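Undergrad: Below: sequence and its predicted model.
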Amino acid sequence: MRKFFESFPSRKFPIKKKSQKHQSVNQDNHKTNDQLPFPFFSLPPEIRNQIYYALFSCDLAIHLFHARENLYLLRCRQPTPQLDDTCCPHSSLADQALSKTFAETLQRANTQKSITKTPRSTLAHLPTAILYTNKQLYNEAAAVLYGELAFEAAELKTWLLFSRMVSPLHLALVKRLRSTWVGLPCLTMAPVRPGAAGYASYEQYTLWDEPYEEFWEIVRSRMDGLVELGFCMNYEGQYLDRSIGAKWLELLLAVRGLRGLDVWVRDRIGGEDGRGGEDELGAKREGEALVEFLRGVMCQGKRGEVIYRADSEADGETDADGEAVADG
């Protein structure tokens, strides 16, 4: 029976012929692809990096801010962002941009019409589509994007949100970061000056919470590429201890391997935005001594170095070999 059916001419012959023709076209395409590789990768690596640098405008820093768990960014006017808004009025621009964005979202929902944004209030967008061209370009461009841009996060919570949105590999590439801690107002007691009775309790209430501790843990253990750090303690309306024994420094002193460090304090002693301080000269002297002390610690050693505090040693903490860990 099988030989009987095989004796008939095959009706699939024309289909086979068409398939062979299609196969020939595919082979020609493969030959063409082999003969004409993607020319971008024929450029020297340093030229490709310059192209990535220009594409992402790495000569201008990024201001990050958040609202309703959404992250936004604005382009700075300078390579290095300033925490006191002197580089550009990014705080006011952020407020304008967010207000306009939320208003446009509501208007679209009501009218289903597109809204034209003005250049001044347009939130910035990085041209990240290039990252998805292929794996090699993704790795090369991402290294420039995260490694060459300078980031300024409006608050520590802003950087925490950013760190959850990017991969650990990319977070570790960031080299330059500036951010601000906004002290919590104490609702149960009036501001207390450092050294006065009750300051320890006051400081504990206004400073120590999860975002502050999580931020410094990320800086210490997950940002191995970080070399420049700027940090502002915004204690407006309150008092902050500037002595080298201040309790808020404990988490900072666990960081090592920085090349550049700047620390600012805004409070009632040294002055706040638009207002003078109660003792500006004294605050300046203490602030300079504090920064010198912090640089002497945080700009030594290497990134990722594990530093144990004295309280850990007192608790009998041990290292991987089971031996007691010495401080420092």
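TA: Everything's here; your move. Numbering: from 1, shown residues only.

Undergrad: List the buried residues in stretch 244-255.
TA: Buried residues in stretch 244-255, counted by 16 or more other C-beta atoms under 10 Å: 246, 248, 249, 251, 252, 254, 255. No exception for glycine: its C-beta is placed from N, CA and C like everyone else's.

Undergrad: neighbours around the closest residue to residue 248 other than its chain neighbours, how many?
TA: Among residues not flanking residue 248 along the chain, residue 207 sits closest, at 5.4 Å (C-beta to C-beta, 6 or more residues apart in numbering). For residue 207, the neighbour count with other C-beta atoms under 10 Å is 20.

Undergrad: how near is residue 207 to residue 277?
TA: Using C-beta to C-beta, to the nearest Å, we find residue 207 at a distance of 19 Å from residue 277.

Undergrad: For residue 239, which non-adjacent residue is closest in space?
TA: Using C-beta to C-beta, 6+ apart, the nearest residue to residue 239 is residue 193, at 4.8 Å.

Undergrad: The one you found reaches residue 203, doesn't it?
TA: No - judged on C-beta atoms under 8 Å, residue 193 makes no contact with residue 203 at a distance of 11.0 Å.

Undergrad: and residue 185, what element?
TA: Using DSSP states H and E, residue 185 sits in no helix or strand.

Undergrad: give me every residue that touches it.
TA: Contact partners of residue 185, counting by C-beta atoms under 8 Å, 6 or more residues apart in numbering, are 206, 237, 238.

Undergrad: Nearest to residue 225 among those?
TA: Set against residue 225, the nearest of the contacts of residue 185 by C-beta to C-beta is residue 206 (31.8 Å).

Undergrad: quick one: what helix or strand has the closest one in it?
TA: helix 199-207.

Undergrad: again, but for residue 289
TA: In this structure, residue 289 sits in helix 280-298 according to DSSP H and E.

Undergrad: tell me what that helix is packed against?
TA: Where contact means 3 or more C-beta pairs under 8 Å, 6 or more residues apart in numbering; DSSP states H and E, helix 280-298 is packed against strand 260-266.

Undergrad: give me that answer again for 10 Å
TA: Here helix 280-298 touches strand 228-234, strand 260-266, going by 3 or more C-beta pairs under 10 Å, 6 or more residues apart in numbering; DSSP states H and E.

Undergrad: okay if I get those strands as JSON lines plus distance to residue 128?
TA: As requested, those are exported to JSON lines (distance: least, C-beta to C-beta, whole Å):
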{"stretch": "strand 228-234", "distance to residue 128": "23"}
{"stretch": "strand 260-266", "distance to residue 128": "27"}
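
Undergrad: ok, back up a step: out of the contacts of residue 185, which is most surrounded?
TA: That'd be residue 238 among those, by other C-beta under 10 Å, with 23 neighbours.
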